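S.K.: Below are the sequence and a predicted model for it; my questions follow.
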Amino acid sequence: MENDAYALPPGSRVLVTGANGYIASHVVDTLLRLGYLVRGTVRTQKPWLNKYFEEKYGAEVFDTIELASFDDQSNIENHLHGIDGIIHLATDVSFSNDPKAVIPWVVRAIHNMLEAAAQSASIKRVVLVSSSSTTDNLYPDPRGREIHQDNYNERAVKEAWDETIPESKRRMAIYAASKIEAEKEAWKWMESEERSFEFNSVLPSFTVGKVLHPEIFGSTMGHLRKLLVGDRMAFSLPEQWFVDVEDVAKLCVVGLLDEGVKSQRIFAFGEQTNWNDVVPILRELRPDNKKIPDPPKDEIRDRTEILPRTRAQILLRGFFDQSDFTSIKESIANGIEGLD
Ligand SMILES: NC(=O)c1ccc[n+]([C@@H]2O[C@H](COP(=O)([O-])OP(=O)(O)OC[C@H]3O[C@@H](n4cnc5c(N)ncnc54)[C@H](OP(=O)(O)O)[C@@H]3O)[C@@H](O)[C@H]2O)c1
């Protein structure tokens, strides 16, 4: 797509929250590659991150500010001077078993970001990184069903507050509920307020692929990597759709820049994949590794059709001239590069 059709011209400055995170660092990388300036928020300074981007893209294109909490709206406003767009990724990924410690602040964070953005005349676009877990995709369905654009996982919201739900299931429900309530809050805010900017959300599924820096654990990819040393923790993450991290970053950029994309949920669902697929891929990529555990015995093959992912494919093609989502095998190979 030609630059003059972008909602923000190259050279504009974009705020990326939680910039040291796995996906956010790729969002920063993609923006810098396209000629944007980026201000990242971090909870504590991360000099290695500044060094990494400075060495790759030169001085003065990336800076960081410390923002340990999103509770103080006027503090957020102070950091928005000179900012033209926002991509909000920072969230609670602790998988805590306490809904009160997670859900309210995650919702407050996007609310305050939107309120603060509305005080700034320069901000034209806000993108929220939501999650596939906001849809019923969290529950695999072997019989097949369809997931539509406006699907929300209401079951997780109930389970998050239900103390009778087994703890491992509840932790996931609490995370999902925080993402659902935050995304709904954003859409509600956009409908009810006089808005000076456009808003889109991106819903990544289980994200895998390259980890940009050794200081970055890699979130979902970090857990997948640990299968190489026999750690089975990844198997407790119930995902049925995987996506490449660089594709997610690109779709965030589409949500920020594509003039034809307004008020959309962008479904970043690359491939229907479960642990029965991942383990053979890992064994093929690392044939000498005998520590890779067998997949769980009770894996269900999900037959859900994610209708809006076609739109995401079209956006990747239109904006980045990329024919399709990256294959999960290629993503996993990138994600374990340098590891035995
Ligand atoms: N990975 C996936 O498969 C996946 C799938 C769907 C959606 N997502 C979404 O993608 C976004 C990024 O996730 P990620 O996988 O890249 O995780 P990540 O690498 O763990 O990044 C999370 C970021 O959020 C920050 N953060 C955590 N708790 C915070 C708090 N209480 N206050 C302020 N910042 C906080 C972290 O800061 P610290 O480093 O200081 O802790 C880090 O910068 C999240 O919104 C997540 O829900 C991820």
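M.R.: Thanks, I have the structure now.
S.K.: only C-alpha atoms for contact and neighbour calcs from this point on.
M.R.: Noted.
S.K.: So Glu183 versus Ala121, what's the distance?
M.R.: 23 Å (Cα to Cα, to the nearest Å).
S.K.: Give the buried residues for stretch 205-214.
M.R.: 205-212 (16 or more other Cα atoms under 10 Å).
S.K.: now do the same end-to-end measure for it.
M.R.: Start-to-end, stretch 205-214 (Cα to Cα) is 23 Å.
S.K.: thinking again about what came up before, using JSON lines, lay out the buried residues of stretch 205-214 together with pLDDT, distance to the ligand and secondary structure.
M.R.: Formatted as JSON lines, the buried residues of stretch 205-214 follow (pLDDT from 0 to 100; distance: Cα to the nearest ligand atom, whole Å; DSSP: H, G, I helix; E, B strand; the rest coil):
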{"residue": "Ser205", "pLDDT": "97", "distance to the ligand": "5", "secondary structure": "coil"}
{"residue": "Phe206", "pLDDT": "97", "distance to the ligand": "4", "secondary structure": "strand"}
{"residue": "Thr207", "pLDDT": "98", "distance to the ligand": "4", "secondary structure": "strand"}
{"residue": "Val208", "pLDDT": "98", "distance to the ligand": "7", "secondary structure": "strand"}
{"residue": "Gly209", "pLDDT": "98", "distance to the ligand": "10", "secondary structure": "coil"}
{"residue": "Lys210", "pLDDT": "98", "distance to the ligand": "12", "secondary structure": "coil"}
{"residue": "Val211", "pLDDT": "98", "distance to the ligand": "10", "secondary structure": "coil"}
{"residue": "Leu212", "pLDDT": "98", "distance to the ligand": "11", "secondary structure": "coil"}
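S.K.: Thought Asn112 was touching Gln73, still the case?
M.R.: Yes. Counting by Cα atoms under 8 Å, Gln73 touches Asn112, with 5.4 Å between them.
S.K.: what sits in contact with each of the two?
M.R.: Between them, Gln73 and Asn112 share no contacting residue under Cα atoms under 8 Å, 6 or more residues apart in numbering.
S.K.: Check the residue sitting furthest away from the middle of the chain and give its pLDDT.
M.R.: Distance from the C-alpha centroid of the chain, by Cα atoms, centre = their mean, peaks at Asp288 (32.6 Å). On the pLDDT scale, Asp288 is placed at 98.
S.K.: Can you check my assumption that it lies in a helix?
M.R.: No. Membership of Asp288 in a helix is not supported by DSSP: H, G, I helix; E, B strand; the rest coil, which gives coil.
S.K.: Ramachandran angles for it?
M.R.: When read as degrees, to the nearest 10, the backbone of Asp288 gives phi -90, psi -10.
S.K.: tell me what whichever strand or helix holds Lys179 is packed against?
M.R.: Using DSSP states H and E, Lys179 maps to helix 167-192. Under the contact criterion of 3 or more Cα pairs under 8 Å, 6 or more residues apart in numbering; DSSP states H and E, helix 167-192 touches helix 99-118, helix 154-160.
S.K.: Distance check, Gly58 against Tyr52.
M.R.: 10 Å.
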